[in-house]
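**Student:** okay, structure incoming, though there's no sequence with it:
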């Protein structure tokens with residue numbers, strides 16, 4: 001049987017992986033990946049890398065991206081929204097990991113910090129998945145627009161969306177496990193309490 005300390009460590013490890021994936025997804029330039037002939041543009045939430053004939057230039061911000069109008073269907077002017085969602089999710093996940101580490105030596109199902117960590121993981125997962133999902137929805141809209149006119153779209157695989165979304169899903173997994181642990185603990189307490197009362201009441205006087 002797996003020891004409780006090992007389960008606690010596994011929860012911390014998965015939460016940390018979720019945090020790392022969200023950070024990687026936030027800082028990598030793989031949200032918008034466009035390739036048109038000899039020009040390729042990889043754009044993230046904070047900077048973009050434009051390559052022409054294998055000569056690459058990094059530009060900070062979105063407004064200075066050459067050919068940014070190619071991705072107009074993704075509402076590039078609202079990048080601050082995605083920045084806010086991802087950064088907030090990362091902060092919440094950091095707090096959750098810290099709380100889980102601090103409570104490792106105590107019971108995970110009874111500590112107050114665990115409940116706070118659960119809420120943080122839930123919100124972190126929602127924000128990460130929402131950011132990746134909303135951006136991906138814009139990508140699909142742009143791709144469908146090209147399909148309507150029977151044109152080949154210039155969009156390539158947006159790996160940062162996958163990384164961010166995976167990090168959010170892992171946060172959900174940890175949240176669900178902790179929630180189930182709390183529910184089982186409450187069920188055990190509700191069933192074991194009356195049984196103890198019955199046993200004590202049947203002990204003859206003077207035999208205790």
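**Tutor:** Alright, I've got the coordinates. Predicted model, so just to flag it, every value in this text is computed and none were measured. Numbering: from 1, shown residues only.

**Student:** chain neighbours aside, what residue packs nearest to the residue most central in space within the chain?
**Tutor:** The centre of the chain sits closest to residue 168, judged by Cα atoms, centre = their mean, with a distance of 1.9 Å. Once flanking residues are discounted, residue 168 sits nearest to residue 128: 2.9 Å by Cβ to Cβ, 6 or more residues apart in numbering. C-betas here are computed from N, CA, C, even on glycine.

**Student:** just confirm the one you found is within a helix.
**Tutor:** Yes: secondary structure of residue 128 (DSSP: H, G, I helix; E, B strand; the rest coil): part of a helix.

**Student:** can you give me the end-to-end distance of stretch 98-115?
**Tutor:** 13 Å (Cα to Cα, to the nearest Å).

**Student:** avg pLDDT for it?
**Tutor:** Mean pLDDT, computed over stretch 98-115, is 73.

**Student:** same check, this time on stretch 42-51
**Tutor:** 88.

**Student:** ok, now stretch 168-184?
**Tutor:** Mean predicted confidence for stretch 168-184 is 91.

**Student:** again with stretch 85-95
**Tutor:** 97.

**Student:** just so I have it, where are all the helices in this structure?
**Tutor:** 4-27, 79-102, 112-148, 159-201 (DSSP state H).

**Student:** which elements pack onto the longest one?
**Tutor:** The criterion is 3 or more Cβ pairs under 8 Å, 6 or more residues apart in numbering; DSSP states H and E, and the helices and strands that helix 159-201 contacts are helix 4-27, helix 79-102, helix 112-148.
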